[in-house]
Every structure is written in structure tokens, then in C-alpha cells.
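Engineer: Sequence first, then the predicted structure:
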Amino acid sequence: MKSCRLIFSAAILSLLSAGDAVPTQAVAAADRKTSRLEVIERAPGDGTVLRASALLDERQGGEWHMR
């Protein structure tokens, strides 16, 4: 049973890689007249997924505080 747990843990660890070197689209706004989207804010990520999203961080721009 221990070997199964180790294999499972290794698989999870490989999925939690998070990039933070590429400015990634974070917030967009829609122009009602033209129906076009414009990126108005970027945040650290890998170009596709925000680092905060990969780490399941739901603070929405707030400061981190230990609980």
C-alpha cells in the first residue's frame, strides 16, 4: 500500500508546477459598442494560466496573512 501512495504523491507533485515569469492575461473589459475585449490587467503566470490559479489562491489581489 505504501508504494501506491508514493506513486500517487509523485504524480500530484508533477502537476503543481506553476510559472510566474510571463505576464498573463488576468482581467479583461468588454467594449459594448464594438463587442471587443481588451486586456486591462496582467499578472504572473505561464502565458496561459495565472500562477495564483494554479496554486488555488483565491485572494483576488489581497495581501497574504497566515491564519
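Structural biologist: Sure, I can see it. Numbering: from 1, shown residues only.

Engineer: Quick one: low-confidence residue ranges for the chain.
Structural biologist: The model of the chain has pLDDT under 70 over residues 1-17, 60-67.

Engineer: Let me see the ranges of the helices in it.
Structural biologist: Using DSSP state H, the helices of the chain run over 2-15, 51-54.

Engineer: Please enumerate the strands of this protein.
Structural biologist: Applying DSSP state E to the chain gives strands spanning 22-31, 36-45.

Engineer: tell me the angle the first one makes with strand 36-45.
Structural biologist: Okay, so that is strand 22-31. 150 degrees (axes from the mean of the first three to the mean of the last three CA atoms, to 10 degrees).

Engineer: Can I get the strands of the chain in CSV including distance to Leu56 and mean neighbour count?
Structural biologist: (Each C-beta comes from the backbone N, C-alpha and C, glycine too.) Formatted as CSV, these follow (distance: least, CB to CB, whole Å; neighbours: other CB atoms under 10 Å):
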stretch, distance to Leu56, mean neighbour count
strand 22-31, 16, 13
strand 36-45, 14, 13
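
Engineer: Nearest to Arg59, out of the ones you listed?
Structural biologist: Arg59 lies closest, by CB to CB, to one member of these: strand 36-45, at 11.8 Å.

Engineer: Alpha carbons only: can I get that closest one in CSV?
Structural biologist: Extracted C-alpha coordinates of strand 36-45, given in CSV (Å, rounded to 0.1, in the frame of the first residue of the first chain):
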residue,chain,number,x,y,z
ARG,A,36,-14.4,43.6,-28.4
LEU,A,37,-12.5,42.5,-25.3
GLU,A,38,-9.4,44.4,-24.1
VAL,A,39,-7.0,43.1,-21.5
ILE,A,40,-6.7,45.7,-18.8
GLU,A,41,-4.6,43.8,-16.2
ARG,A,42,-1.9,41.1,-16.3
ALA,A,43,-0.5,39.0,-13.5
PRO,A,44,2.3,36.5,-13.2
GLY,A,45,1.7,33.1,-14.9
